[in-house]
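Trainee: Quick one, structure for this:
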Amino acid sequence: MNKEYFLDFSVNLDTFINDLSTIIDENNKKVIEILNIKEKTFANFVKPFEMMDERLDKFFTPLSHVNSVKNSKKTQEIYSNALPIITEYSTKIGQNLDIYKAIKQIFESEKNLNDEQKRVLELNIQNFELSGAHLDDETKEKLQKINLEKNELSNKFSQNLLDATNAFEYIVDEKDMEGVPESDIEELKFNDNGVTKYKLNLQMPTYIAYMTYGKNQAIREVLYKAYTTRAPENAAIIDRILELKQDMVKLLGFNNYSEYSIASKMAPSTDKVIEFIQKLIDSSIDQAKNELVELKEVTQDEIKSYDMAYYSEILKREKYDIDEELYRPYLEQNSVVNGMFEFLHKLFGFTCKSVETPLWDEKAKAYDLYLDDTLTARIYMDLESRKDKRGGAWMHNWQTHCKDENNNEQLASAFVVCNFPPSGKETLSLLRHDDVVTLFHEMGHTIHHLLSQVNENEVSGVNGVEWDAVEFPSQLLENFAYEPQVLKLFAKHYKTGETLPDEMIEKLILSKNFQSGLSMLRQLEFSLFDFKLHMGRYKGEEVQALLDSIREKTALIKPPAYNKFQNGFSHIFGGGYAAGYYSYKWAEVLSADTFFQIVDEGIFDSKTAKGYLDIVLKKGGSYSMQKLFVELMGREPDVNNLLRLNGIK
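Mentor: Numbering: from 1, shown residues only. Next comes the predicted model:
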């Protein structure tokens, strides 16, 4: 048995479309070849079918990645041209009745299948049925057209948002920057005929900094309005995406898209999802109201939506005597990354070593992961914001651990992307603690993919994991970013080397659940809006009316009428969270439950942590997360631990 290590990162934009077409032609020939096998088995049919898609993903992922982190007119053009090709291919494969029948026959007749193979077959059968493989040709053709248009619109939605974000500039005088940390605005400074001015933008580090610390309310509103009215053209895209989704699921025999969405998730029914969200709203509302009363005592002025972060920061300082800016010298980016690796070594036993390899940007880095002194996976990190990079943070899996048709082992790799304050020639990237939490979150996703020991790629790592469970590992890891013994591994002053003092750590922990009721309501508002939106046929002003009706119960400060949050809700219109945003809270029940058990046992002596590595991380998507959780904890999840984690009584 040989090992396939890691691909060199490269994307040839000039030949990409031709190369993609060649791979797809080869795959189509391979499909014909394996369908002609008379005695089909898992080994001679399913395994080559799996690996065919794995190799296509390995080729396509670098383009998708570069389009997100090094966006240009060229990447947009190539990605837009590639999308219809990949969509048409995927739809045709997903609707191929002969493949569907072959997989069902193997599932029903082949003896001695192992659990991983059974899971691959079960999920394939489910996916084929959700793609309409069993339907007539006319219906399949309709579904193919819907999928093609839907994917193109999702890409357009995201691109519109990025273009709008990058297009905004607002020039202010030096006096208007009073109170905003110098480390956040140094890059924005310019000289205008001998006068120092600043060019504000909507990139996350700048936007958050001014909304939190900027004293000029009028400028805060300018930024807030620009941010919440980005890409108005996305309203028409939303209408069309919703229409296409409802048309699609009707053809597939579902009442609505939410019903279709949960068919492949842990949640048992749409009613249970609504009930789950509503229970959390009911549990959080009183605390949120009390938090708002407390906030209003900070100022005699009426608090608007664009004042929330500013006055909340003032209250937080008063209540906990905490100034988040004082933490940043202790949270230098490289120190945080290295300390996080040390923490993961102590918790799970693996090590990460820096490697030199050509990447897409000089700030990007690569690390090889060793488990039990054996090379296991590779991590690519791109952590700093820049103009040609999509906002937010994410993990994107590239290679997946598996064994191919010849029993050769392939190792896993993944990208970790964040938008932290950029470092410069004379400035370091000093993080907020929220940034540290974000990094731990994405690293939780990453190790879920990289530590898999599963041999079937379709259920290895994050593949095959139910969407409402996929946030479990990320949320679990982010909770440790508040633990004193974890913080002390990396929170060291970049000038003196002094470890973050105990008093500052205590304040950080005390402030962790600051306004957690309001924060919980905000997330539940997004979840309920998403899920209900996909349960009916909404268009035009009906979309805003639905959001407004939900806000009557969840938004204790009503946003201005110009706020068009939905036009920037890329999680559900540009990503994979449609009728699934509730997944964050659903998975948080699992993560909170597991976290408290690990902490109670002693973080670095925890049997549950070891069990989590062996049961959850190493097994990837080869079993349902419900089964893995019960195996790990010996019981069903307890929703009360989610409330406990958020300090909600």
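
Trainee: show me the contacts for the residue nearest to Lys189 when sequence neighbours are not counted.
Mentor: Nearest non-adjacent residue to Lys189, counting by CB to CB, 6 or more residues apart in numbering: Tyr198, 5.7 Å away. Bear in mind the C-beta positions are built from the backbone N, C-alpha and C, glycine included. Neighbouring residues of Tyr198 by CB atoms under 8 Å, 6 or more residues apart in numbering: Ile171, Val172, Asp173, Glu174, Asp176, Met177, Ile185, Leu188, Lys189, Phe190.

Trainee: Backbone dihedrals for Tyr198, please?
Mentor: phi -130, psi 140 (degrees, to the nearest 10).

Trainee: which of the contacts of Tyr198 sit farthest apart?
Mentor: Asp176 and Phe190 (14.2 Å; CB to CB).

Trainee: Neighbour count: those two, which is higher?
Mentor: Between Asp176 and Phe190, counted using other CB atoms under 10 Å, the more crowded position is Asp176 (19 against 11).

Trainee: how much space between that one and Ser90?
Mentor: Distance, Asp176 to Ser90, by CB to CB, to the nearest Å: 50 Å.

Trainee: thinking again about what came up before, from the contacts of Tyr198, keep the buried residues only.
Mentor: With burial judged by 16 or more other CB atoms under 10 Å, the buried subset of those is Val172, Asp176, Met177, Ile185, Leu188.

Trainee: Could you list the buried residues of stretch 26-40?
Mentor: Buried residues in stretch 26-40, defined by neighbour count with 16+ other CB under 10 Å: Asn27, Val31, Ile34, Lys40.

Trainee: quick one: which of those sit in helices?
Mentor: Asn27, Val31, Ile34 (DSSP state H).

Trainee: who does the one helix or strand Glu442 maps to touch, helix- and strand-wise?
Mentor: Secondary structure from DSSP states H and E places Glu442 in helix 433-450. When contacts are defined as 3 or more CB pairs under 8 Å, 6 or more residues apart in numbering; DSSP states H and E, helix 433-450 sits against helix 333-348, strand 374-384, strand 394-397, strand 412-420, helix 472-479.

Trainee: hmm, back to that, hmm, which of the contacts of Tyr198 is lowest in pLDDT?
Mentor: Sorting the contacts of Tyr198 by confidence puts Ile185 at the bottom, with a pLDDT of 82.

Trainee: Name the residues that touch stretch 297-305?
Mentor: For stretch 297-305, contacts defined as CB under 8 Å, 6+ apart pick out 221, 224, 295-296, 307, 311, 314-315, 318, 557-560, 563.

Trainee: change it to 6 Å
Mentor: Stretch 297-305 has contacts (CB atoms under 6 Å, 6 or more residues apart in numbering) with Tyr311, Ile314, Leu315, Ile557, Pro559.

Trainee: Centre of the chain to stretch 353-373, how far?
Mentor: In this view, stretch 353-373 has its centroid 21 Å away from the chain centroid, taken as CA atoms, centre = their mean, to the nearest Å.

Trainee: buried sites along stretch 512-524?
Mentor: Applying 16+ other CB under 10 Å to stretch 512-524 flags Lys512, Asn513, Phe514, Gln515, Ser516, Gly517, Leu518, Met520, Leu521, Arg522, Gln523, Leu524 as buried.

Trainee: Go through those residues and say which is closest to Val437.
Mentor: Closest to Val437, out of all of the buried residues of stretch 512-524 and judged by CB to CB, is Lys512, at 9.5 Å.

Trainee: give me the element that closest one is part of.
Mentor: Lys512 belongs to no helix or strand when elements are defined using DSSP H and E.

Trainee: before we move on, back to that, pull out the buried members of the contacts of stretch 297-305.
Mentor: Neighbour-count burial (16+ other CB under 10 Å) applied to those gives Tyr311, Leu315, Pro559.

Trainee: nearest to Ser258, of these?
Mentor: For the buried ones among the contacts of stretch 297-305, the nearest to Ser258 is Pro559 (24.4 Å; CB to CB).

Trainee: ok so, going back, same list, the ones in helices among the buried residues of stretch 26-40, but as a markdown table with distance to Gly540 and pLDDT please.
Mentor: Supplementary listing: those in a markdown table, determined by distance: CB to CB, whole Å; pLDDT from 0 to 100:
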| residue | distance to Gly540 | pLDDT |
| --- | --- | --- |
| Asn27 | 41 | 97 |
| Val31 | 42 | 98 |
| Ile34 | 47 | 98 |
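
Trainee: returning to what we had before: which of the contacts of Tyr198 fall within helices?
Mentor: Taking DSSP H as the definition of helices, these contribute Ile185.

Trainee: What sits closest to Asn155 if chain neighbours are left out?
Mentor: Leu83 (5.8 Å).

Trainee: can you confirm that neighbour is in a strand?
Mentor: No: counting by DSSP: H, G, I helix; E, B strand; the rest coil, Leu83 is not part of a strand but helix.

Trainee: surely Ser591 meets Phe472?
Mentor: Yes: contact criterion CB atoms under 6 Å: Ser591 and Phe472 qualify, at 5.2 Å.

Trainee: for the contacts of Tyr198, which one is nearest Leu162?
Mentor: Leu188 (19.4 Å).

Trainee: Could you point out the longest helix of this structure?
Mentor: The chain, longest helix under DSSP H: helix 137-167.

Trainee: residues of it that come out buried?
Mentor: In helix 137-167, counting by 16+ other CB under 10 Å, buried: 140, 142-144, 146-151, 153-162, 164-166.

Trainee: now swap in stretch 240-253 and tell me
Mentor: Under the neighbour-count criterion of 16+ other CB under 10 Å, stretch 240-253 has Ile241, Leu242, Glu243, Leu244, Lys245, Gln246, Asp247, Met248, Val249, Leu251, Leu252 buried.

Trainee: so where does the fifth one fall, helix or strand?
Mentor: For Lys245, the enclosing helix or strand under DSSP H and E is helix 234-251.

Trainee: packing partners for that helix?
Mentor: The contact analysis (3 or more CB pairs under 6 Å, 6 or more residues apart in numbering; DSSP states H and E) places helix 234-251 against helix 137-167, helix 257-262.

Trainee: Looking at the residue nearest to Trp398 when sequence neighbours are not counted now. What's its pLDDT?
Mentor: Once flanking residues are discounted, Trp398 sits nearest to Ser413: 4.6 Å by CB to CB, 6+ apart. Listed pLDDT for Ser413 reads 98.

Trainee: just checking, Ser413 touches His401?
Mentor: No: here Ser413 lies out of contact with His401, judged by CB under 6 Å, at a distance of 9.5 Å.

Trainee: quick one on the thing from earlier: same list, the helices and strands packed on helix 433-450, but as CSV with mean neighbour count please.
Mentor: Below are the helices and strands packed on helix 433-450 laid out as CSV (neighbours: other CB atoms under 10 Å):
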stretch, mean neighbour count
helix 333-348, 19
strand 374-384, 20
strand 394-397, 19
strand 412-420, 24
helix 472-479, 25
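
Trainee: Could I get the ones you listed in CSV, plus columns for distance to Ser354?
Mentor: CSV is the format used below for the helices and strands packed on helix 433-450 (distance: least, CB to CB, whole Å):
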stretch, distance to Ser354
helix 333-348, 9
strand 374-384, 10
strand 394-397, 19
strand 412-420, 14
helix 472-479, 21
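
Trainee: closest one to Gln217 among the ones you listed?
Mentor: Nearest of the helices and strands packed on helix 433-450 (CB to CB): strand 412-420, 25.8 Å.

Trainee: list the contacts for Ser68?
Mentor: Arg390.

Trainee: Thanks a lot, catch you later.
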